[in-house]
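Asker: kindly return the folded structure for what I paste below:
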Amino acid sequence: MRKLLLIAAALVPLTAAPARAEPIALGVWYEFVHQGEGMFVKPCIGFMCVPSSAGNTSFAPEQPWAVLLNAPGVLTIADAFASGDQFEAFSNGRSLGLTSATVPFQHCGDNPAACIDWFGMSSGMFALDAGRHLLAIRTFASRSGSGASYFRVDAPAVVPEPGSLILLGSGLYLVRRLRQRTNASRP
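Answerer: Numbering: from 1, shown residues only. So this is what the prediction gives:
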């Protein structure tokens, strides 16, 4: 009986309700802090957090991060500063996958827009369905043990299907032709 109580007590933190989700804005690079493999990342507070010199970042709040997408979107994660950190992304408690492997001794600086395409820096883009997402990031691998990196969520603008554009263009063309004929037949 005592073993069952110990097992139940150990499982309670795993099944407890998640912390209040912090809302995040679309199209904003958020800086977060990571400290050790297997640990979920932390909000950006303290000496490790310095705004990007490009002026294109904000500090991430406590996770999980809440975002509501009206259309499918993309979660992008970019390691920054020195290479060696790899991350696992989660949406609604489900793993979305890992960022790319790293190459040692790379340094991309503090601009996530530059770091995302820098050879050897870990990065990843993960598809998100339309709907509500509770996002989280866990450090999968880390050479330095700690550091700062970035993430952002984008929802692409809805682009009409080619068939819809052809139909719209055909309709506009016919309206124009009818107006030309009507104007030509007037005395």
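
Asker: those strands in the chain, which residues are they?
Answerer: Counting by DSSP state E, the segments of the chain that form strands are 22-23, 29-35, 57-59, 65-69, 73-79, 81-82, 85-91, 94-98, 107-109, 123-128, 131-142, 146-154.

Asker: in a markdown table: the ones you listed, plus distance to K42, mean neighbour count and mean pLDDT.
Answerer: No exception for glycine: its C-beta is placed from N, CA and C like everyone else's. Conversion of those to a markdown table gives the following (distance: least, CB to CB, whole Å; neighbours: other CB atoms under 10 Å; pLDDT from 0 to 100):
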| stretch | distance to K42 | mean neighbour count | mean pLDDT |
| --- | --- | --- | --- |
| strand 22-23 | 13 | 12 | 90 |
| strand 29-35 | 5 | 21 | 92 |
| strand 57-59 | 11 | 18 | 91 |
| strand 65-69 | 13 | 17 | 95 |
| strand 73-79 | 15 | 23 | 96 |
| strand 81-82 | 16 | 18 | 88 |
| strand 85-91 | 13 | 23 | 96 |
| strand 94-98 | 19 | 14 | 97 |
| strand 107-109 | 21 | 16 | 90 |
| strand 123-128 | 19 | 18 | 96 |
| strand 131-142 | 10 | 19 | 95 |
| strand 146-154 | 10 | 22 | 92 |
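
Asker: need these in CSV with distance to I45, can you?
Answerer: CSV is the format used below for these (distance: least, CB to CB, whole Å):
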stretch, distance to I45
strand 22-23, 13
strand 29-35, 8
strand 57-59, 7
strand 65-69, 15
strand 73-79, 20
strand 81-82, 17
strand 85-91, 19
strand 94-98, 26
strand 107-109, 21
strand 123-128, 24
strand 131-142, 16
strand 146-154, 11
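
Asker: contacts only, for C115.
Answerer: For C115, the set of contacting residues under the criterion of CB atoms under 8 Å, 6 or more residues apart in numbering consists of A78, D79, A80, C108, G109, M121, S123, Y150.

Asker: domain assignment for the protein?
Answerer: As recorded under automatic domain parsing, the domains making up the chain are 17-156, 160-187.

Asker: residues contacting A155?
Answerer: A155 makes contacts with L26, L69, N70, A71, P72, G73, V74, as judged by CB under 8 Å, 6+ apart.

Asker: and D110, how many residues sit next to it?
Answerer: D110 is flanked by 18 other residues according to other CB atoms under 10 Å.
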